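J.: 3D model of this:
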Amino acid sequence: MLRFLILFLLIQMSLFGLELWQPVHQGVIVPFTALIAHVSATLMQAFDPDVIWHGVVIQSRQTGFGVSIEAGCNGVEACIVLIAAVLAFPAPWKSRALALAVGLIAVQALNLVRIISLYYLGKWNIPAFGQMSLFEFAHLYLWQALIMLDVLVVWLLWVRYLAARGQFRLGARRAA
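T.: Numbering: from 1, shown residues only. Predicted coordinates for the structure are as follows:
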């Protein structure tokens, strides 16, 4: 367990540092974020022709309201946590690759739902709690928790999958 924790933290620190490194940020993260905006806008345009997209911004043609997908909203940080958890866990590499493929798709799919829902919550400007709109509450609290919960659930399902296949024993300790 201590080995997992140390590896998990080291991998996260390395990946977060890599994400913030300017060449990686400009060459990978910014284009990926623009792709997420494009995919989100394309999905919305299927049922809402009012939606336009440019760069990392999704906007209403009619009202001008828009959301900008920034660092922290592109799902990269949640993916880094999942990658670190999967790579730090003692499992066969084939199982790790499967967990990463399925898990990263699951995180990004939920992130698309998040972006689309936040766009409409902001566009409709629904009040929630005092001065806070439903958009602000969902953006700052609800979706942050749900995305990280998604990471945890994916990881836990994968660990259960490993246990069911006999590749890992839950609660098992190595003999001294």
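J.: from A34, how far out is E19?
T.: Distance, E19 to A34, using Cβ to Cβ, to the nearest Å: 16 Å. (C-beta placed from N, C-alpha, C; glycine too.)
J.: could you do M44 as well?
T.: In terms of Cβ to Cβ, M44 sits 16 Å off from A34.
J.: any idea of the pLDDT on G171?
T.: On pLDDT, G171 comes in at 56.
J.: okay, and the helix or strand of this structure with the least pLDDT?
T.: Least confident helix or strand of the chain, by mean pLDDT, DSSP states H and E, is strand 127-129 with a mean of 71.
J.: ok, it: who's next to it in the sheet?
T.: Strand pairing for strand 127-129, determined by DSSP bridges: strand 132-133 (antiparallel).
J.: what does the partner strand contact?
T.: Residues from elsewhere that reach strand 132-133 (Cβ atoms under 8 Å, 6 or more residues apart in numbering): 121-122, 125-127.
J.: give me the packing partners of the helix of greatest length in the chain, helices and strands only.
T.: With secondary structure taken from DSSP state H, the chain has its longest helix at helix 93-124. Packed against helix 93-124 by the contact rule (3 or more Cβ pairs under 8 Å, 6 or more residues apart in numbering; DSSP states H and E) you find helix 30-45, strand 57-60, strand 66-68, helix 76-88, helix 134-137, helix 143-164.
J.: dump the residue contacts of A138.
T.: Residues in contact with A138 (Cβ under 8 Å, 6+ apart) are 117-118, 121.
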